[in-house]
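In: turn this into a structure:
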Amino acid sequence: MDEFLGSWKLEFNEGLNEILTRLGAGYITRKTLNVSKPVLTFAREHGPGDPEVGEWYSLKTFSTLKSSTIVFRIGYTFDENTTDGRTVRTVFTVDGQVLKQEQKGTKTAYITYTREGDLLKTVIKVEDLTCFRNYRRVVQPPPANGTTPSVSTAKSSEQPTSPTSIEELDNTNSTK
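Out: Numbers count the residues shown, from 1 in each chain. Predicted coordinates for the structure are as follows:
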């Protein structure tokens with residue numbers, strides 16, 4: 001996951017309108033998302049390597065039109081409100097050098113992130129449609145500092161025995 005940390009600015013976009021149409025996004029949402037040039041920032045929010053809780057990461061999407069932040073753990077499912085207005089169940093996994101994101105809603109979107117040097121290649125698939133988005137690195141990742149983010153965190157319903165948020169983790173650690 002470390003190879004994805006840092007900020008990435010969109011340089012190339014092909015097929016997004018068709019994907020958004022298939023997902024049910026309205027005209028204005030589609031046009032807005034197609035003209036925006038967002039910056040994605042992957043960051044480690046907590047960790048590294050607590051064997052009981054795992055590492056927390058964030059994916060911040062920033063553009064002049066719309067911004068969002070999600071906080072997640074690899075392999076844990078959580079609710080996500082997407083930039084196109086859908087509410088989905090999302091899980092991130094890592095397969096070799098590929099970061100995968102699956103968004104399950106009325107339709108399922110599969111997103112892969114692959115890094116090639118300073119290029120982040122993203123492929124979005126919904127049914128028989130495919131979208132390609134390429135991002136260029138703009139900022140190197142900051143060193144991991146283990147600070148708690150000031151954003152809402154994703155809650156996991158898959159692993160109820162471990163803390164489901166950074167706040168719960170902090171409360172658990174302060175009582176030990």
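In: how close does the residue positioned nearest the centre of the chain sit to residue 71?
Out: Centroid-nearest residue in the chain, with C-alpha atoms, centre = their mean: residue 59, separated by 4.3 Å. Applying C-beta to C-beta, to the nearest Å, the value for residue 59 to residue 71 is 8 Å. (Glycine included, C-beta is placed from N, CA and C.)
In: just to revisit the earlier point, which helix or strand contains the residue nearest to the centre of the chain?
Out: Assigned by DSSP states H and E, residue 59 falls within strand 56-62.
In: try residue 34
Out: helix 27-35.
In: direction included, what does the longest strand along the chain pair up with?
Out: Secondary structure of the chain per DSSP state E: the longest strand is strand 129-139. Paired neighbours of strand 129-139 in the sheet (DSSP bridges): strand 6-14 (antiparallel), strand 119-126 (antiparallel).
In: so how far is the shortest one from its chain's centroid?
Out: In other words, strand 119-126. 12 Å (C-alpha atoms, centre = their mean, to the nearest Å).
In: let's see it as PDB, backbone CA atoms only.
Out: Provided in PDB are the C-alpha atoms of strand 119-126 (Å, rounded to 0.1, in the frame of the first residue of the first chain):
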ATOM      1  CA  LEU A 119       1.900   7.600 -12.900                       C
ATOM      2  CA  LEU A 120      -1.200   6.100 -11.100                       C
ATOM      3  CA  LYS A 121      -3.300   4.200 -13.600                       C
ATOM      4  CA  THR A 122      -6.900   3.700 -12.500                       C
ATOM      5  CA  VAL A 123      -9.400   1.400 -14.200                       C
ATOM      6  CA  ILE A 124     -13.100   1.500 -13.400                       C
ATOM      7  CA  LYS A 125     -15.400  -1.400 -14.500                       C
ATOM      8  CA  VAL A 126     -19.100  -1.500 -14.300                       C
END
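In: where do the strands of this structure begin and end?
Out: Going by DSSP E, the chain shows strands at 6-14, 39-46, 56-62, 68-72, 78-81, 87-95, 98-104, 108-116, 119-126, 129-139.
In: as JSON lines, these with mean pLDDT would be great.
Out: Below are the strands of the chain laid out as JSON lines (pLDDT from 0 to 100):
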{"stretch": "strand 6-14", "mean pLDDT": "96"}
{"stretch": "strand 39-46", "mean pLDDT": "90"}
{"stretch": "strand 56-62", "mean pLDDT": "93"}
{"stretch": "strand 68-72", "mean pLDDT": "93"}
{"stretch": "strand 78-81", "mean pLDDT": "94"}
{"stretch": "strand 87-95", "mean pLDDT": "96"}
{"stretch": "strand 98-104", "mean pLDDT": "98"}
{"stretch": "strand 108-116", "mean pLDDT": "97"}
{"stretch": "strand 119-126", "mean pLDDT": "98"}
{"stretch": "strand 129-139", "mean pLDDT": "95"}
